[in-house]
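Enquirer: Quick one: sequence and predicted model below, then my questions.
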Amino acid sequence: MSRDLAQLHPLLRWIIPEIIERCRAAGLPVLVTDGFRTQGEQDALYARGRTAPGGIVTQVRWPNSAHCWGIAFDYCRNVKGREYDDSDNFFGRVAAIAKGYGLDWGGDWTRFVDKPHLQLREFMPGNSTTWLLRTYGTPEAFRATWGASQKTGGEVETVERYRTVLDAPDYARGTLLRLMEAGILLGDGNVDQYHRVIDLSEDQVRILVMLERAGVFEEK
Ligand SMILES: [Zn+2]
């Protein structure tokens, strides 16, 4: 089990600090308790409550947890003695913010409710690793594709344009994802936010970030 953000998919590395900051501003102190898991770590967790002492903490063996693919993290309240106190719906309130960044929440699951868990929706359709296994085979092969994002441009293009949210600068990604989630930034209509073609210029992106800071997109 690793709290090291560096082990996680680049999207989570960008998104998590922003979620923590937004939660902090909303009076929700978040601590990341777990992220990437190796095969040995997932096997040991699976044994808990089965062949090892303790209660059951996971329903899946390696590599069927999103943690094994570096696309999930667990969290708790960053307050000593109240880490898992949910009397004020702490976990749901954090999840409501996190969902705006393309994350699915374990608290929404019916078979095994997992409130401290969030994972990247786009890689786990139907909360299943089927797509990942079919597309990449192994977590190692999946990891080898990280960091592959291409910019549009070429010889004719003089102004920098961002084809997808992955091409946009770090500071703007949160804004763009939230505008997509709110149905404001539709692009080519691709339901997969990370591959939706938005084709925005650097100036347009900066203006969107400024407008969001000014509260223009806040719900009335
Ligand atoms: Zn988890």
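Expert: That came through fine.
Enquirer: Let's see the pLDDT reported for the residue nearest to Asp170 when sequence neighbours are not counted.
Expert: What sits nearest to Asp170 in space, not counting adjacent residues and going by C-beta to C-beta, 6 or more residues apart in numbering, is Trp14, at 5.7 Å. C-beta coordinates here come from the backbone N, C-alpha and C atoms, glycine included. With respect to pLDDT, Trp14 scores 89.
Enquirer: so where does Trp14 fall, helix or strand?
Expert: Assigned by DSSP states H and E, Trp14 falls within helix 10-25.
Enquirer: Only alpha carbons, please: show that helix as CSV.
Expert: Only the C-alpha atoms of helix 10-25 are listed here, as CSV (Å, rounded to 0.1, in the frame of the first residue of the first chain):
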residue,chain,number,x,y,z
PRO,A,10,-0.8,11.1,-14.1
LEU,A,11,-4.4,12.2,-14.1
LEU,A,12,-4.7,11.4,-10.4
ARG,A,13,-1.4,13.1,-9.7
TRP,A,14,-2.9,16.3,-11.2
ILE,A,15,-6.4,15.9,-9.8
ILE,A,16,-5.8,14.8,-6.2
PRO,A,17,-4.0,18.0,-5.0
GLU,A,18,-6.8,20.1,-6.5
ILE,A,19,-9.5,18.0,-4.9
ILE,A,20,-7.7,18.2,-1.5
GLU,A,21,-7.5,22.0,-1.9
ARG,A,22,-11.2,22.4,-2.9
CYS,A,23,-12.2,20.2,0.0
ARG,A,24,-10.0,22.1,2.4
ALA,A,25,-11.7,25.3,1.3
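Enquirer: Strand partners (parallel or antiparallel) of whichever helix or strand comes after that helix?
Expert: Moving toward the C-terminus from helix 10-25, the next helix or strand (DSSP H and E) is strand 30-34. Using DSSP bridges, the strands paired with strand 30-34 are strand 72-77 (antiparallel).
Enquirer: is the strand it pairs with up against the ion anywhere?
Expert: Yes. Counting by C-beta under 5 Å from the ion, the ion is contacted by strand 72-77 at Asp74.
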